[in-house]
Structures are given as structure tokens and as C-alpha cells.
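Colleague: sequence unknown, structure follows:
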């Protein structure tokens, strides 16, 4: 098991410290819905008034990760222009002078002008003023995805900061900060992107409970259990939300592409690419998905912090429907209402088309203290493919299900390797890991420890999914409510394979404390153990588990 701690060099000195916030159901919704309408002012008009002649620079260079190399210097032996990885620093033979970029004074109008010029002249490198705060007060909406505080990026553009901030003025009308359009390629280094805000998107009855009912009947089951009625048969049945979704296929609203409400801080459109290094995406708010970042194209984050962002629907910190890579970064203190407080890969609805999850790769990253009213407090995958490696998912909260990590939908695949899922809490089911309606999880060399659920599955809740645990540990988890069952694992109508895995020292109010199985299959190899759980290891399960005693 890895003891990795993310080495995040982008910790903003003035980032809001984590307070033990109450979930912002009342105050957050009011803040999102009680907003003023946008009366955008054209960016191009403002830029033209000042002129761009003083901001010309050579655009002959191939824009690399940090824009320091010329086309000739980056050419590969086959003649293609490559991108170098500059993490080690140093000068690698790039041209000096104008080819290294254009300095932009500490003036938001000058920044807007420079971006307009870059879009009109095949891109370029912008060196932003050291220690400067570029405060944006107006916006533009030129392609239907705005309003945006800065021009939509449509070329190869590099923004290089030095303790530099780009901030929406708190008194300005609502707009996001950055938008990368089709064909745009944005590289950001050394910036803080802060205080972007988009208006709330009407939910049309898509409540967290309604959405989760598409993947699990756990809410109905817990209500039945509280009323002292039969509840296990509810968990076994096909989630009733499937029928609700089938009735809504003809709904006129389709969310296949981003909406103007998505991406409070940054939006990456289909066909766009963005990379962030040593950057802070903080204190942004989206009325749709992706409080900090909404990615529908390709996005990568390295040594970057995504913190204190909120989303009205999915992905308080990050939402992904494309290709996402997060490496050696921190995702913390973000909030969402429906799903994915920290990171959401995909979104589900009742009255609109789903946004299928893309491919998300999360490595050497900490996902901590994020909150959601629905499901997936730390990381959520809906009908996508999510890989988490050498990372920590700690201290996240969800009201309904899956406080740490959640996968839902029969096309959802979750790969966890050398991950610590610890001290996450839900009032519902699945304190550490939650699987709903056919999701598949492959878990290797991972610790699921000290998580808490109010009802079923303190460590793991599996509702008709399939999970394999290899060389892993599920221990010290608790199902603490008056009807808490399955402190380590609660599985119903699904498959659990334990290979060289230990399920120990878990607690539940009612038996079984270790593994509770109802009409499912639990396979236990001879190198795995279910031991020292309270009040029992497996006794109390409706369906027997071969090889488990006590």
C-alpha cells in the first residue's frame, strides 16, 4: 500500500481554510437562484477602443507547454512539431526576445486585447504581470456558451503567471472566467482563476433523490426500514428510476454539449484542449455542472489546486465529459447538490438526456473534504471510465450514498489502485465506496478504512454491481444508525470477489458487522479473511457466504 502524499506546489496562501460547513442546501440554493440576469458588454468593442498595435509579437513559434520553444527547436526527427515537458525547468534552446512571448501590463483591458490579438494571429504566449490581479468587470457571449470574462480561446494560447490572479469583480454581473472553444489549445501556468459565476440552471424536478433512484432503491429501502417494514426486497428490485427515465426520452432539453451555465471558472468545449500547471481554480460557482472546471474536450491538471468551488448540479470542483487527467494535485472543499462534490465524470437526469462520463485519470492526488447533497462526495463516475491511482480520498461527505467514491450505471467502470479511501461519511449508504445498478469496480492494493454510513455498508455498498478486491483492506468502518447493517460490506443482488483481502474490525448496529449478503455472490479465496467484526462476521446475512464463520 502506497503512503503517497500529493506534493502540490500550488497551495494558494490566501485560499479559504476548511471550515466545518453545514451542507448549503438552503443558503447555496438561494445564492444560486437569486441572481441577476446578465447584460453582457462586447469584449471586442472594448478591445478595439484601446487598440492592439502595442501588443504585437512574433507567432512563428510552436506553442509548447510553457511557450518557451520555437518550432525549429521542438521539431521531431520525423519533422513533426512536438511539445516538450518543462517540469524540470531550464532553457531548452528556445528563441529569446519576442519569440518567448509578450509581456502584458497589469491591466484587464490589456489582457483582453492581447487575447483578441492572439486569436486573430494564430495564437501566442502571454507573460502576465507578476503579483498582479486582473479584475474583470464585464463579459461577452459570442458563441452561445457565454457569458465569459475573457475572449473564447480559439488558437494556441499560453498564459504564464507569476503569483498572478484573474478574478471576476464581486459586484459584476455573472460570468465565467475562461472558455476554450473548438480548436482552442490553452496552457495555463502560475495563475489563480477565481470568483467566476454562472446563473442557476432550472432542475425541472431532477432532485438528488430522484436521480439516485435510477441506480438504487436505497432511499426507499431506508425509509421502509425506519418504518419497520420489509426493505431487502426493495434493494433487490430494479431501481424504479429506470422507468421514470424511459418516460422522459422525448424531453426537448438535451444536454449533450455544454450549456451557458456550465463551468463557473473554466469551460472546455468539445474539440478544445486545456492544461493547467501550478494553478489555483478557486471560489468559482456554476449554475450547471463544473463549479471550478467543466471539461467536454481534453483537460489536464498538474500541481494544481481546485478548491472552494460549487456546482448546482454535478462536479463541485471538476466535471468531465471528455478526457481528463489530474496529477499530483489537490481537489478540496468543493460542493455540489446532485453528485460529485469533488470530481464528477458524467451526469444523469430524469427529464433530460444524460451526459455520459468520459475518461478520467486521477493519479497522486488528494480529494478531500468535499460535500454533496446527493451521491459521490469525493469522486463520482456515471456511465464513464474512471481510474484512481496512488491517491487519497479522505473526509468527504454525501447525504444519500457513496461519500468517498461512487460508480453508477451499467456502463460505469471504476479502477482503484493504491488508493486510501478513509474517514468519509454519509447519512445513507456506502460510507467509503458505493456501487449502483450494474457498475463495475476493480480495486487493488487499496485501503477502505474508518468510513461511516447511517444505514447500509459502512465501508462498501454494492447494489447489483460487481466488484473485485485484490490485496486490499476493508477495516474500521461503521454502519452506525439504529438499523445499520454491513459495517464492512453490504451487497445485494451483486457479486463481490475477495482475493488476498482482509475485512476486519468493522462494526454495525445489527448483524452482520463484517459482510452482509442478500441474494448475491461473495467469493472468498483461501488467502482472504473476514474476521474480528462486530457483532458478527457474516452471521445474519440472508444468503450464506462460504468460508466466512461467525
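Modeller: Alright, I've got the coordinates. Note that the structure is predicted; figures quoted are calculated from it, not measured.

Colleague: C-alpha from now on. contacts and neighbour counts both.
Modeller: Fine.

Colleague: and after the helix or strand hosting residue 188, which helix or strand comes next?
Modeller: For residue 188, the host element (DSSP states H and E) is strand 185-194. Per DSSP H and E, the first helix or strand lying C-terminal to strand 185-194 is helix 208-212.

Colleague: Quick one: residues in contact with that next one.
Modeller: Defining contact as C-alpha atoms under 8 Å, 6 or more residues apart in numbering, one finds that helix 208-212 is touched by 219, 241, 337-339, 348-350, 373-375, 400.

Colleague: mind running it again at 10 Å?
Modeller: Outside helix 208-212, the residues that touch it by C-alpha atoms under 10 Å, 6 or more residues apart in numbering are 205-206, 216-220, 239-242, 244-245, 313, 337-339, 347-351, 372-375, 399-401, 408, 436.

Colleague: returning to that earlier point: and the strand holding residue 188, what's its mean pLDDT?
Modeller: Averaging pLDDT along strand 185-194 gives 98.

Colleague: Return a ChimeraX selection command for the buried portion of the contacts of helix 208-212.
Modeller: To isolate the buried members of the contacts of helix 208-212 in ChimeraX, using 16 or more other C-alpha atoms under 10 Å:
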select :206,216,217,218,219,220,239,240,241,242,244,245,313,337,338,339,347,348,349,350,351,372,373,374,375,399,400,401,408,436
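
Colleague: tell me which residues in the strand holding residue 188 are buried?
Modeller: In strand 185-194, counting by 16+ other C-alpha under 10 Å, buried: 185-194.

Colleague: List the strands paired with it, with their directions.
Modeller: Within its sheet, strand 185-194 is paired with strand 156-168 (parallel), strand 273-277 (parallel), strand 280-282 (parallel), according to DSSP bridges.

Colleague: Can you tell me which of the ones you listed is most buried?
Modeller: Neighbour counts (mean count of other C-alpha atoms under 10 Å) averaged over each of these peak at strand 280-282, with a mean of 28.

Colleague: For that strand, give me every contacting residue.
Modeller: 10-12, 15-16, 165, 167, 189-196, 264-266, 291-293, 303-310, 317-318, 330-334.

Colleague: List of residues touching stretch 531-539?
Modeller: 475-478, 486-489, 502-517, 529-530, 544-550.

Colleague: From those residues, list just the buried residues.
Modeller: Using 16+ other C-alpha under 10 Å, the buried ones in the contacts of stretch 531-539 are 475-478, 486-489, 502-517, 529-530, 544-545, 548.

Colleague: Among those, which ones are in strands?
Modeller: Using DSSP state E to define strands, the subset of the buried ones among the contacts of stretch 531-539 located there is 475, 478, 489, 502-504, 507-508, 515-517, 529-530.

Colleague: Now tabulate the residues you listed in CSV and tack on distance to residue 388 and pLDDT.
Modeller: Formatted as CSV, those follow (distance: C-alpha to C-alpha, whole Å; pLDDT from 0 to 100):
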residue, distance to residue 388, pLDDT
475, 20, 98
478, 24, 98
489, 21, 98
502, 21, 98
503, 21, 98
504, 24, 98
507, 27, 98
508, 28, 98
515, 25, 98
516, 26, 97
517, 27, 97
529, 25, 97
530, 26, 98
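
Colleague: quick check, nearest of the residues you listed to residue 259?
Modeller: Nearest to residue 259 among these, counting by C-alpha to C-alpha, is residue 489 at 38.8 Å.
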